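In: could you work out the structure for the sequence below:
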Amino acid sequence: MTTKSTTFKRVALALVAALSFGVLGGANSNALIENSDSLTLSASSASVAPGETATVTATVTFSSTTASESAVLVVDDLAGTGTGSPTTKIIENAWGITTDSVNVASAAASGWQVNTAVSAVSDIVITSTSSTAKVVTAKTTFAFVVGESFSVAATTPYVYTISLAFGTSPAVTRLASFTVNVTPRNTTAVATKSLLWLNQADFSASPVEADSALVVSAGKARGTAAQTFTAVGYLGADHRNSSDTNVATGANVDGNITVNISGPGGLVVGAAAATLTCTNPQKSVTMTNANDKAVICSDGTAGTATITGYLSSAALSQGSKTITFYGPATSFTATANDITATGGFLSSAAADSTTVGNAIVTFTAKDSAGNTIAGPGTAASMFGQQGPYGTVYCISSDTSVVGASSTGLGTNLYIEPVWNATNSNWECDMVVRKAGTATITIGDSRTVATSVVSSSAITINTETKTRYTGTISFDSPLTP
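Out: Numbers count the residues shown, from 1 in each chain. A predicted model of the protein is given here:
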């Protein structure tokens, strides 16, 4: 126990032994009006974890007929509350007399710490300002700071005694007790509060706390070569305790969240700060804390995958998540735009000849289950499982009319489409070269003849409208 005033210790020990911290009466100051003193606490106990602070406000009242009557308020120091660094023990502080105190002249030693072996007269001294019988009311707050590294395996009570004393040799008149219940940090994640977040984009710290609706390519199916896997999404875990928080007084909440994926696809877990690859994906992985993430990998199989998280044997209350893996396109629906529907005006300007064929044909693609195959990736990334070249093409029947390149003679009959996010469709950006007729077909090979899946042909007739010319003449200027 920390050393206090010798006189106070002898008095306090005798009184505590006799009355077990009960309320005492009478005082040894002739000026103190008998039974006018009181000591009350704002609470009898508080529960805190390491790294937190318990506080209680003590209110002292008394009346005296002598000027500068003093009272001393003392809190004891308990043995067994830790030794060494303040981070490993409980520190008791007093924060001085509050501003709503009445008829109080001074308050000594604001902010003292009893663990530093102070004397009784250096504790909270309350001094009356009146020489007549007036009531003194003084309030002070005691703070019990539990160190962040304080060791506690189960909830442990620490009972502190707060004493009120009067006189030159302080005689205790009132006692009150305050219990600090130190509880272990609540750092265990629970299934009813913990969350998983499904993101399309990778992240290096924390996921976006909202699920992405993922409709992604199933990837190229296994052929004669080894199966390849492609990252299509990412999972982040938010480990939360029963109080629905992911941090407990400076410590992270954690726990083993088991993540299972059923149906197509696989999972790889690793550090959130790392760039994960789809090497050896599994059907089940474990995410232990907020520093983990899981990458979702395609495996060449189309269908709907279901992702479910568990803590121990309990499924997360948040519920499961789904990802749609689409297969190869089985249909292309091509649409004529204004140019292809009504015929295009040809221009001798090179810039016009280049841009007049932008989005000359647009189309949508669907797999056998009716899933739309959409961007935002390139055609090669979104149609990677398609045809002999792992993509689809816009194919022209006559490159002298509509070419696949803006340079040279445009000898290629085909060009890859691009995704238009604004219009939510794929578009063929080609070059109109001269008046004439050509057809544009969407196919999964570089010719219509070798395509397994193709659209209906869209006819481009650039001769349906005729350009007209005229002359403009001006009269001679008027003479004055």
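In: quick one: classify the residue lying closest to S368 once chain neighbours are set aside as helix, strand or coil.
Out: Nearest residue to S368 in three dimensions, chain neighbours excluded: T330, at 4.7 Å (CB to CB, 6 or more residues apart in numbering). In this view, the C-beta of every residue, glycine as well, is placed from N, C-alpha and C. Judged by DSSP: H, G, I helix; E, B strand; the rest coil, the three-state class of T330 is strand.
In: OK, contacts around T330?
Out: Shown in contact with T330 (CB atoms under 8 Å, 6 or more residues apart in numbering): 366-368, 453.
In: which of the residues you listed tops the neighbour count?
Out: D367 (21 neighbours; other CB atoms under 10 Å).
In: tell me the pLDDT at the residue nearest to S368?
Out: Per-residue confidence (pLDDT) for T330: 94.
In: and the helices in the stretch 301-450 of the chain, which stretches?
Out: 338-342, 350-355, 379-382 (DSSP state H, counting those that start in this stretch).
In: pLDDT averaged over the first one - what is it?
Out: Spelled out, it's helix 338-342. The pLDDT scores in helix 338-342 average 60.
In: kindly report the same for the last one.
Out: pLDDT averaged over helix 379-382 equals 86, rounded to a whole number.
In: try stretch 461-474
Out: pLDDT averaged over stretch 461-474 gives 57.
In: is T87 in a helix, a strand, or coil?
Out: helix.
In: picking that back up, mind checking which of the contacts of T330 are in strands?
Out: 366-367 (DSSP state E).
In: quick one: least confident of the contacts of T330?
Out: Lowest pLDDT within the contacts of T330 is found at S368 (89).
In: which residues touch that one?
Out: 302, 327, 330.
In: what do you get for T228?
Out: Contacts of T228 (CB under 8 Å, 6+ apart): 219-220, 300.
In: same thing with T59?
Out: For T59, the contact set (CB under 8 Å, 6+ apart) comprises 38-42, 137-139.
In: same thing but 10 Å
Out: With contact set as CB atoms under 10 Å, 6 or more residues apart in numbering, T59 has these partners: 38-42, 98, 100-101, 137-140.
In: which of the contacts of S368 lies closest to A273?
Out: A302 (32.5 Å; CB to CB).
In: what's the local residue count around the closest one?
Out: Residues near A302, counting by other CB under 10 Å: 21.
In: mind checking how far it is from S454?
Out: Separation of A302 from S454 (CB to CB, to the nearest Å) stands at 20 Å.
In: check T66 too.
Out: 109 Å.
In: more neighbours: which of those two?
Out: Taking other CB under 10 Å, T66 and S454 do not tie; S454 has more neighbours (21 against 15).
In: in the sheet, who's paired with the more buried one?
Out: On the basis of DSSP bridges, S454 is bridged to G443.
In: adjust the sequence numbering to begin at 47 for everything that follows.
Out: I'll keep to 47 as the first residue from here, and by that count the last item is S500.
In: residues in contact with it?
Out: Contacts here follow CB under 10 Å, 6+ apart; on that basis S500 touches 377-378, 380, 438-439, 441, 487-491, 493-494.
In: buried subset of the contacts of T105?
Out: For the contacts of T105, a neighbour count by 16 or more other CB atoms under 10 Å gives the buried set as 85, 147, 183-186.
In: these: which two are farthest apart?
Out: The span of the buried ones among the contacts of T105, defined through CB to CB, is set by L85 and S147 at 14.1 Å.
In: on that earlier part again, of the contacts of T274, closest to G482?
Out: The closest of the contacts of T274 to G482 turns out to be K266 (CB to CB; 38.1 Å).
In: circling back: just the buried residues from the contacts of S500, in ChimeraX please.
Out: Only the buried entries of the contacts of S500 go into this ChimeraX selection, using 16+ other CB under 10 Å:
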select :377,378,380,438,439,441,487,488,489,490,491,494
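In: same list (the contacts of S500) but as TSV, adding distance to E80.
Out: As requested, the contacts of S500 are arranged in TSV below (distance: CB to CB, whole Å):
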residue	distance to E80
S377	100
F378	102
A380	104
V438	101
Y439	105
I441	109
T487	109
I488	103
G489	107
D490	103
S491	108
T493	113
V494	112
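In: closest to A317 out of the contacts of S500?
Out: V438 (37.0 Å).
In: tally of neighbours for E80?
Out: 11.
In: and the pLDDT at it?
Out: At E80, the model reports a pLDDT of 76.
In: for it, grab phi and psi.
Out: With angles defined as degrees, to the nearest 10, E80 sits at phi -60, psi 130.
In: could you do T86 as well?
Out: Note on T86: its backbone torsions stand at phi -130, psi 150 [degrees, to the nearest 10].
In: verify the stated contact: it with V106.
Out: Yes. Under the criterion of CB atoms under 10 Å, T86 makes contact with V106 at 8.4 Å.
In: shared neighbours, those two?
Out: In contact with both T86 and V106: 185, 220, using CB under 10 Å, 6+ apart.
In: ok, what's across the strand from K180?
Out: S110.
In: measure it to E80 for me?
Out: K180 is 16 Å from E80, by CB to CB.
In: swap in S197?
Out: For S197, the distance to E80 - CB to CB - is 47 Å.
In: just N302 next, same as before
Out: 66 Å.
In: returning to what we had before: just the closest of the contacts of S500 to V478, please.
Out: For the contacts of S500, the nearest to V478 is I441 (15.7 Å; CB to CB).
In: picking that back up, now for the contacts of S500, which pair is the farthest apart?
Out: Among these, S377 and T493 lie farthest apart (CB to CB), at 18.8 Å.
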